[in-house]
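Undergrad: turn this into a structure:
(2 chains)
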Amino acid sequence: MDIRAKKKIEKIMRYVILILATIIILFPIYWMVITSVKPPEEWTPTPTNPRLIPTHFTLDNYVFLFAPFGVMETFAQFRETIHQPLMSSLILSGSATVLALVIGTCAAYAMSRYKAGGEFAPFQLLMFRMFPPIAIIVPIMILYSALRWLDTAHGMIIFYTVVNMPFVIWLMKSFFDDIPKDIDEAAMLDGCSPPQVFFKVILPLVKPGIAVTALFIFIMCWSDFLGALVLTYRYWLTLPIALSKYQGLFGYLYGPMAATGVIAAVPCMVIGIVIQKYLVRGFTFGAVRR
Amino acid sequence: MQNKSTSWYKKPENFALLLIIPLQIIMNLVGLFPLIAEIYVSFTNWSPTSGDWYTAKFIGLENYYRVFFKDVQFWQAIQRTLFLTIACVLTEFLLGLGLALLFTDNFLGKRFFTSAILLPMMVVPAATGYMFFMMFQRDGPINAILSMITGQEVKINWFVFGDTAMFTIYLADVWQWTPFMFLLMLSGLLALPQDPINAAKVLGASRWQVFRHVILPMMKPLITIALLLRGIEAFKIFDAAYIMTHGGPGTATQTVSMYMLEIGFRAWRLGYVAAEALLIVVAMLLFAWFVVRPIFLKRS
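TA: Coordinates of the predicted model:
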């Protein structure tokens, strides 16, 4: 066979594979999004109509979640707004991200430049991340039940800060390690004290790194399911918990459930696309840098 | 040249200490102290419904004895989780590597396809669980599509049978985490030095030979790290799987995390679960020390 024909077939094959893969990958997301804008009679496919394309567009499912009066009166007994889980998710993830970042950035700098905590400290943190979360939650449950910290904002914020600390340290350490030490030394020779070097010279240089780490940690906190499932029960339930709670409560109320799923999933997908370039570094604790 | 008027916190060693103290406080308070409490609790029959942890009855090694010799369900859950981990990680690796190989040169739409493939990784795992729960219902879209393809009505109750329920969990995990493998493999492939590959091509190696004898050996360190990280993460499997099946039917899809949740936080036998958690922590520590540490030290 002549080489050009062969090249052409290969080219077409690649597109066939990629388009198939994309359809498979996007289908679950697509189904959730279209279900969230369908009226009840279109939620489930029928033998004659798989309902892959919505025919009537409606925002009732979202209205049902936020102001559940006047829409879908047939499901009135299931009314429950998601204000509270949405607010807890935002407050807890936001505060934990800030706290973890402040503590972690300082410590990562000390580890990167002064080997503070010893050579072994970063690895210790990494091991902490290896345990299944449930094994970490058991001792935290012991502590929190003694302190009466269960289902409180500060309890959850500290929990998220601690479990995500390995990510902050390893990521920020990798960003600090990327900055040549010569810059520190040059600043020292210019008469800067160590705190000045850190706050005035190095911190401004790692601003992009801090932003990436912050977004990454926010995704991690926002996605947490097991922690909130065990450590909260009423006032500080988060969105992922709402998702599983309403699943039992609503039974087969697919529309509002899908809308909850969209609200829970979209922020992370947007953030993820923004920091796409750094995801490898994030998920491998800085071990693989592009 | 230590200047007497310099404040104490401006000395490098003091400043470093100051920077790391908050970390030490928070990690020891929430990480280490409870671990010590947990060791004690694992020798008691503590349950939060019966009072504080230090008032619980001391029962010696009974919890450990039960875990090792009486608790069939725990070991079944471990087996199931390991099986699921291996199946998921291998599939994700092969699919991820395969997809990454399609992206080594430039073509129209490359950025679009990259973003599309990466998308599942950023979906909240709980939402993934709900998506798959919805899709695999008896009257859900998957059965509808299968009906369309086969031409006869398909009404599979995916979550009613152990095997099919396990299969949906497997699919959800593969769907969500193949992008991770893809991303790692792609970054590895793009970072490869081109000279050895070109040399092999000039010498007349076929494409398979180049891949098998040049590219794969150079990728080996990265592949090890990728399999290791994904394996550790996959062993924790919980969120999506729990939302889909809650471990059911019966205990057919119960993973280690689900089992411990059930015993610890539904039946409130926290003393017993503390013993199990410690065993897993010790097993992981050994694994970390002998397997993970050498690999990570070699890289950094």
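Undergrad: and residue A:225, how many neighbours?
TA: By the measure other C-beta atoms under 10 Å in any protein chain shown, the count of residues near residue A:225 is 24. Every C-beta, even on glycine, is put in place using the N, C-alpha and C of the backbone.
Undergrad: roughly how far apart are it and residue A:264?
TA: Here residue A:225 is placed at a distance of 10 Å from residue A:264 (C-beta to C-beta, to the nearest Å).
Undergrad: now swap in residue A:131 and tell me
TA: Taking C-beta to C-beta, one finds residue A:131 at 25 Å from residue A:264.
Undergrad: where do the contact lists of residue A:225 and residue A:264 overlap?
TA: Here residue A:225 and residue A:264 have A:240, B:124, B:126 as joint contacts, going by C-beta atoms under 8 Å, 6 or more residues apart in numbering or on different chains.
Undergrad: which ones among these lie within helices?
TA: Judged by DSSP state H, these include A:240, B:126 as members of helices.
Undergrad: any idea which of the shared contacts of residue A:225 and residue A:264 is closest to residue B:40?
TA: The closest of those to residue B:40 turns out to be residue A:240 (C-beta to C-beta; 32.1 Å).
Undergrad: grab the nearest non-local neighbour of that closest one.
TA: Using C-beta to C-beta, 6 or more residues apart in numbering or on different chains and skipping residues adjacent in sequence, the residue nearest residue A:240 is residue B:126, 3.5 Å away.
Undergrad: who are the contact partners of that neighbour?
TA: Contacts of residue B:126 by C-beta under 8 Å, 6+ apart are A:223, A:225, A:239-241, A:243-244, A:264, B:239-240, B:243.
Undergrad: please, a PyMOL command that selects the buried ones among those?
TA: To isolate the buried members of the contacts of residue B:126 in PyMOL, using 16 or more other C-beta atoms under 10 Å in any protein chain shown:
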select buried, (chain A and resi 223+225+239+240+241+243+244+264) or (chain B and resi 239+240+243)
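Undergrad: and the contacts of residue B:126 as TSV, adding secondary structure, distance to residue B:87 and pLDDT?
TA: Formatted as TSV, the contacts of residue B:126 follow (DSSP: H, G, I helix; E, B strand; the rest coil; distance: C-beta to C-beta, whole Å; pLDDT from 0 to 100):
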residue	secondary structure	distance to residue B:87	pLDDT
A:223	helix	23	92
A:225	coil	22	93
A:239	helix	30	91
A:240	helix	25	90
A:241	helix	28	89
A:243	helix	26	83
A:244	helix	25	80
A:264	helix	27	91
B:239	helix	18	91
B:240	helix	15	91
B:243	helix	20	91
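Undergrad: quick check: residue B:191 vs residue A:185, distance?
TA: Per C-beta to C-beta, residue B:191 is found 30 Å from residue A:185.
Undergrad: close to chain A, is the helix or strand containing residue B:180?
TA: Residue B:180 belongs to helix B:162-191 when elements are defined using DSSP states H and E. Yes. Judged by C-beta under 8 Å from any C-beta of the partner chain, helix B:162-191 comes into contact with chain A through B:175, B:179-180, B:183-184, B:187-188, B:190-191.
Undergrad: so which of those residues is the most crowded?
TA: Scoring these on neighbours with other C-beta under 10 Å, the highest-scoring entry is residue B:184 at 27 neighbours.
Undergrad: which pLDDT value goes with that one?
TA: Note for residue B:184: predicted pLDDT of 91.
Undergrad: which one is it nearest to, not counting chain neighbours?
TA: In space, and not counting its chain neighbours, residue B:184 is closest to residue B:226: 4.5 Å by C-beta to C-beta, 6+ apart.
Undergrad: any idea how far the closest residue to residue B:279 other than its chain neighbours is from residue B:74?
TA: Once flanking residues are discounted, residue B:279 sits nearest to residue B:67: 6.5 Å by C-beta to C-beta, 6+ apart. According to C-beta to C-beta, residue B:67 and residue B:74 sit 6 Å apart.
Undergrad: how about residue B:253?
TA: The spacing between residue B:253 and residue B:74, counted by C-beta to C-beta, is 15 Å.
Undergrad: tell me which of the two has more neighbours.
TA: For residue B:253 versus residue B:74, the count of surrounding residues by other C-beta under 10 Å is larger for residue B:253: 27 against 20.
Undergrad: phi, psi for whichever residue of chain B sits closest to chain A please.
TA: At 3.0 Å from chain A, residue B:122 is the closest residue in chain B, using C-beta to the nearest C-beta. When quoted as degrees, to the nearest 10, the phi and psi of residue B:122 stand at phi -100, psi 0.
Undergrad: number of nearby residues for it?
TA: By other C-beta under 10 Å, neighbour count at residue B:122 equals 22.
Undergrad: and it, what does it touch?
TA: A:219, A:268-269, A:271-273.
Undergrad: state the distance from it to residue A:222.
TA: Remark: distance between residue B:122 and residue A:222 (C-beta to C-beta) = 11 Å.
Undergrad: touching both of these two, which residues are there?
TA: Residues touching both residue B:122 and residue A:222 (C-beta under 8 Å, 6+ apart): residue A:268.
Undergrad: residue A:123 looks like it's in a helix, true?
TA: Yes. According to DSSP: H, G, I helix; E, B strand; the rest coil, residue A:123 belongs to a helix.
Undergrad: re earlier: out of the contacts of residue B:122, which are close to chain B?
TA: Contacts with chain B within the contacts of residue B:122, as defined by C-beta under 8 Å from any C-beta: A:219, A:268-269, A:271-273.
Undergrad: what's the domain layout of chain B?
TA: The record assigns chain B these domain ranges, following automatic domain parsing: B:1-41, B:72-299.
Undergrad: now the contacts of residue B:122 in JSON lines, please, with extra columns for neighbour count.
TA: Converted to JSON lines, the contacts of residue B:122 look like this (neighbours: other C-beta atoms under 10 Å in any protein chain shown):
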{"residue": "A:219", "neighbour count": "24"}
{"residue": "A:268", "neighbour count": "20"}
{"residue": "A:269", "neighbour count": "20"}
{"residue": "A:271", "neighbour count": "17"}
{"residue": "A:272", "neighbour count": "22"}
{"residue": "A:273", "neighbour count": "13"}
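Undergrad: surely residue A:157 meets residue A:96?
TA: Yes. Here residue A:157 lies in contact with residue A:96, judged by C-beta atoms under 8 Å, at a distance of 4.8 Å.
Undergrad: quick one, which of these two is more surrounded?
TA: residue A:96 (25 against 22).
Undergrad: next, the more buried one: secondary structure please.
TA: Using three-state DSSP, the structure places residue A:96 in helix.
Undergrad: burial count for residue 80?
TA: Here I'm looking at chain A. Using other C-beta under 10 Å, residue A:80 has 16 neighbouring residues.
Undergrad: the intended chain is chain B.
TA: Number of residues near residue B:80 (other C-beta under 10 Å) recorded here: 21.
Undergrad: what helix or strand does it sit in?
TA: Using DSSP H and E, residue B:80 sits within helix B:72-101.
Undergrad: what's the following helix or strand after that helix?
TA: helix B:110-118.
Undergrad: report the buried residues of that following helix.
TA: So for helix B:110-118, counting by 16+ other C-beta under 10 Å, buried means B:113-114, B:116-118.
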